[in-house]
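# heads up, no residue letters with this:
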C-alpha cells in the first residue's frame with residue numbers, strides 16, 4: 001500500500017476535520033468504511049485511516065487513560081438506543097447509495113424516507129455507530145422539514 005501526503009489528514013496549513021471511532025475489530029470496521037463508502041485505506045492499523053471523499057475516518061481499539069487524556073477511557077457504544085452524536089453523510093443519489101450499501105452488507109434502520117427537505121435514512125456500522133445518509137431534495141428549493149411537535 002502506497003500512501004501519499006495528500007491521502008493523510010495532515011494539512012500544510014489551516015486544519016482538516018476527521019472523525020475518530022473506537023472499534024472492536026479494526027479490520028472489520030476498516031473494510032466496512034472502505035467498501036460501503038468507497039473509501040481508500042491509507043493506514044491499516046495503529047490507527048487505521050480510511051479516506052472517504054474529502055474526509056477521513058480514523059479507527060482504533062478502545063483503551064484506558066493516556067498522559068494526554070488522563071481521565072478518559074475510549075470504548076465502543078454501550079447502547080444502540082442512546083446516542084450523543086452520529087456521522088452525517090450527504091450523497092448525490094440516495095437510491096444508488098442505498099442499493100450499493102445493502103449489497104455490501106450495510107444494516108439500515110429503514111429505507112430512505114422523504115422528509116420534505118431531504119430523503120434520509122440511518123444505518124449502523126459494525127460497532128453500532130449511527131450514520132445518517134441523506135440527499136438534499138426540497139431543501140434545494142427552499143422547502144424545509146416540519147418542525148417537531150411540542151410536547
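Noted; the coordinates are in hand. Nothing here was measured: the structure is a model prediction, and the numbers come from that model.
# Isn't residue 19 up against residue 59?
No. Between residue 19 and residue 59 there is no contact under Cβ atoms under 8 Å: 9.5 Å. Where you see a C-beta, it was placed from the backbone N, CA and C, and this is true even at glycine.
# which of those two has more neighbours?
Counted by other Cβ atoms under 10 Å, residue 19 and residue 59 do not tie: residue 59 has more neighbours, with 25 against 15.
# Identify each buried residue in stretch 79-87, please.
residue 87 (16 or more other Cβ atoms under 10 Å).
# centroid residue for this structure?
Nearest to the mean C-alpha position of the chain, by Cα atoms, centre = their mean, lies residue 87 at 4.2 Å.
# which one's the longest helix in this protein?
Counting residues, the longest helix in the chain under DSSP state H turns out to be helix 26-37.
# Which SSE is immediately downstream of that helix?
As assigned by DSSP states H and E, the chain's next helix or strand after helix 26-37 is strand 40-43.
# returning to what we had before: how about the nearest residue to the residue nearest to the centre of the chain, chain neighbours excluded?
Leaving aside its sequence neighbours, residue 87 sits nearest to residue 131 (Cβ to Cβ, 6 or more residues apart in numbering; 4.6 Å).
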